[in-house]
Structure formats: C-alpha cells, structure tokens
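Enquirer: Sequence and predicted structure below; questions after.
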Amino acid sequence: MLWRYMAGAVAARTGDEMSGPALLVTGLAVTGSPVTASWLLAGLTVSAAVGGPLLGVLLDRTRRPGRLLAWCLCGYAAGLLLILHGLGRAPDAALVAVAVVAGLLGPALAGGWTAQLPLVAGPGRMGRANALDSMSYNVAGLAGPAVVGVMAAADDGGAAVLVCTGLLVAALPVAWTLPPRGDGGSGGWDRAPGESVWGELIEGFAVIVRNGALRRATAGSMISCAGLAVLVVSAPVLGVRLTGESGYGALLLTVTAACGLAANAVIAAGGRAWRWDAVLVWGTAALGAGTALAAVSGSFWVAVVAAAVAGAGEGPQLTALFSVRHREAPARRRAQVFTTGASLKITSFAIGSALAGPLAAYSVTAALLTGAALQATAVAVLASRRGSQAPAG
C-alpha cells in the first residue's frame, strides 16, 4: 500500500508543482500581460493560508479522508481547466477569483496527503516512509517546472495546464482508496460531541502552540522557508552575475533539488532510527551554509558546490519536519497540524519572495546573505530548549 500511496503522491505533487508555472506561462502567452500572469499565480498561492487549517479540520473529521482528498484533487483540476478555458474570453478579475478558490484546496496536495501516511505505513516503518514521502516533493520539484518549460517551448503553454490536470486526475484512484481510519483510535471520531468547526480550528492552532516541539518546528520551518525563497529568487540573478545567463541559475536550483532527493534516498535506504529534532537543526544549518557560500561564490563551480550543500540540508530537513509532526501531533488533529503547517510555509515563502526581489535587484550578495541570516535564525529557534528527541522508526 505504501508504494501505491507514493505513486499517487508523486502524481499529485508533480501536478501541483506544475500548476503555478503552467498558469504563469499560459497566462503570459494568451494575454500578453505579465501582470495578469503574475496575479493568476499569486491568486493560486495566497489563499492557501486560509484553506489549509479548514481542510485539516475536515480531514480530521471524516473516517475516509482519502475520499475528501479525491474531491480536493477534482476541485483543483477543475479550477485550472476553467482558468485555461477562460483566458482571453473572461475578465481577468474573474479568472483570478477562480485561482483564489482553487488555491484553497492546494494544501490538500501537500500536508493533507502526508497526514494520511500512518494509515498506510505501520509505526515501525514511519522513519523510512517519511523519507520516501519527502522524496516525492523532491521529485515533483525537479520534474514539474522542467516539464512546463519543455512544453512551453513547444507550445503556447496551454498543453502544460492539460498535463498538470491529467496528473491530478491520475492521483484520484489512489486518494479514493486510501484506508479508512480505525474507530476510536484515530481521526476525529474522539472529538467532543457537538464540537464546532471553529472550535476545532482554535484547538488545532492551540495544539501547535502548546507543544514545544511542534511550536519550534513550525516557527523554525516558516523562517527557513522564507530564507529558501530568497535563495530561489536570487539563483537566476546569481547565474547572470557568474555566467551572463540566467538559465545557469535555474541549473543551480536543479542541483539543490537533486541533492535533496539523494540525501533523502540515503535516509530511506539506511533503515535506522534518527534523532529527528537534531536532523531538523543540522539540515537547516546546512541549508544556511550553502546559501552563505553562494553569496560569496566567485565562480559558477563554487556556486554549484553551494547549491549541493544547500540541497543536502534541505532534503533531510523536510523529512525531519514530517517526522516531528507525526510524532508529536495527536491523531485526532494530525491532518490539521500538517495542513496548517503547509499553509504557513507557503505564506512564508511568499513573504520571502517579496523580500528577495528588491534585494536581489540591488545586490544578489546582500540578498543571499539575508537568506543565510534567516536560516541562522531558524537554527536558533529550532535548537532552543530542544526537548525529548525520541527516535522515530
């Protein structure tokens, strides 16, 4: 069942990774307006902060969360198709509104899916299962934008949206057939009688705030994600500075994603118990070290090494974050913890991107040093008063 879960996760997340770039290039190709294209992308991402916590409550309430995930996949795919059909025909504001509504469902493809991992992997296999699940993000991060780029070069971009929705639809059977929750032991079935959705939303946030390990992991990962956004935005500018071509900056991001995938593959193959709180700290530290090295790199090959170091930290960091959440989140709030965390990271990435743009335009070195400083701050948050570091098998 775990490999079936992985196949669905890779398909759904690759479709998700494709969706933003596909809308961007298609919107630009059809309308000729960078403003419209960027607003479509912004609409798809900004609403995740609202959709994540609510989706988490609904997933925790149902005995068959896979069925709800399947409906979220349908809604997300339908929204993308509606935007594609409306480009050049409907008012731009209406299409942006559709993107905002579709974006509410985005966290289901990330945290909502990961929250169901214990249903397909037993307690003794969670360490390896978390590493494999993190690898699905790395694969999607590598394949999604690359597929969009190839298809956009051969077409006007509309085909990329169709392939994206096709991948989302391909994940439907896996989501629909995910195992149900056990009665009384997990899920939302042990919640207080008559508890409202609003009450569960408040309780979900309270779980994160009250639990020291979850609080540190959530705050630290948000700060780190803002720093990662600075690296992503700065990479093309760094490529121009070192080689004269922005495409080399995109290659640096490919190196980072590939090294993250390789590092998680090593963790998955090792089969040992890890001290995940410590892995979260050193993974973030390695990501910061790579960003700092990129800031002072005087040649492209030094920048490649920097990107590799950053990836070697970013991959295990994500695996450790998932492991801490699975270990600390109460079963009846697990989906809410994951979708809320995903929403907060998406918001942090957007803030980091907004910060990085003007900084990179002024000085790419200053931007990357700012990104490294954010990673150092995240390390300080994650390392502060670390509590129990129980191994997660």
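Expert: Looks like it came in fine.

Enquirer: Could you tell me how many residues sit around residue 206?
Expert: By other Cβ atoms under 10 Å, 11 other residues sit near residue 206. (Each C-beta comes from the backbone N, C-alpha and C, glycine too.)

Enquirer: Now name the helix or strand holding it.
Expert: Element membership for residue 206, per DSSP states H and E: helix 197-210.

Enquirer: Pull the distance from that helix to the chain's centre.
Expert: Between the centre of helix 197-210 and the centre of its host chain there is 22 Å, according to Cα atoms, centre = their mean, to the nearest Å.

Enquirer: Now do it: everything it contacts.
Expert: Residues outside helix 197-210 that contact it (Cβ atoms under 8 Å, 6 or more residues apart in numbering): 53-54, 56-58, 60-61, 188, 191, 195, 214-215, 218, 329-330, 333, 336-337, 340-341.

Enquirer: Next: stretch 131-147.
Expert: By Cβ under 8 Å, 6+ apart, stretch 131-147 touches 2, 6, 9-10, 13-18, 21, 110, 114, 117, 160, 163, 254, 257-258, 260-261, 264-265, 267-268, 315, 318-319, 322.

Enquirer: Can you show me the CA trace of it as CSV?
Expert: Listed next in CSV are the C-alpha coordinates belonging to stretch 131-147 (Å, rounded to 0.1, in the frame of the first residue of the first chain):
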residue,chain,number,x,y,z
ALA,A,131,11.9,9.9,3.9
LEU,A,132,10.1,8.4,0.9
ASP,A,133,7.3,10.9,1.2
SER,A,134,9.8,13.8,1.3
MET,A,135,11.4,12.3,-1.8
SER,A,136,8.1,12.7,-3.6
TYR,A,137,8.4,16.5,-3.0
ASN,A,138,11.9,16.5,-4.4
VAL,A,139,10.9,14.5,-7.5
ALA,A,140,7.9,16.9,-8.0
GLY,A,141,10.1,19.9,-7.6
LEU,A,142,12.5,18.6,-10.2
ALA,A,143,10.0,17.3,-12.7
GLY,A,144,7.2,19.8,-12.5
PRO,A,145,8.9,23.0,-13.6
ALA,A,146,11.1,21.1,-16.1
VAL,A,147,8.0,19.6,-17.9
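
Enquirer: Pull out the buried residues from it.
Expert: Buried residues in stretch 131-147, counting neighbours by 16 or more other Cβ atoms under 10 Å, are found at 131-147.

Enquirer: do stretch 243-263 as well
Expert: Quick answer for stretch 243-263 (16+ other Cβ under 10 Å): 248-261, 263.

Enquirer: Quick check: the farthest pair among the residues you listed?
Expert: The most widely separated members of the buried residues of stretch 243-263, counting by Cβ to Cβ, are 248 and 263 (22.8 Å).
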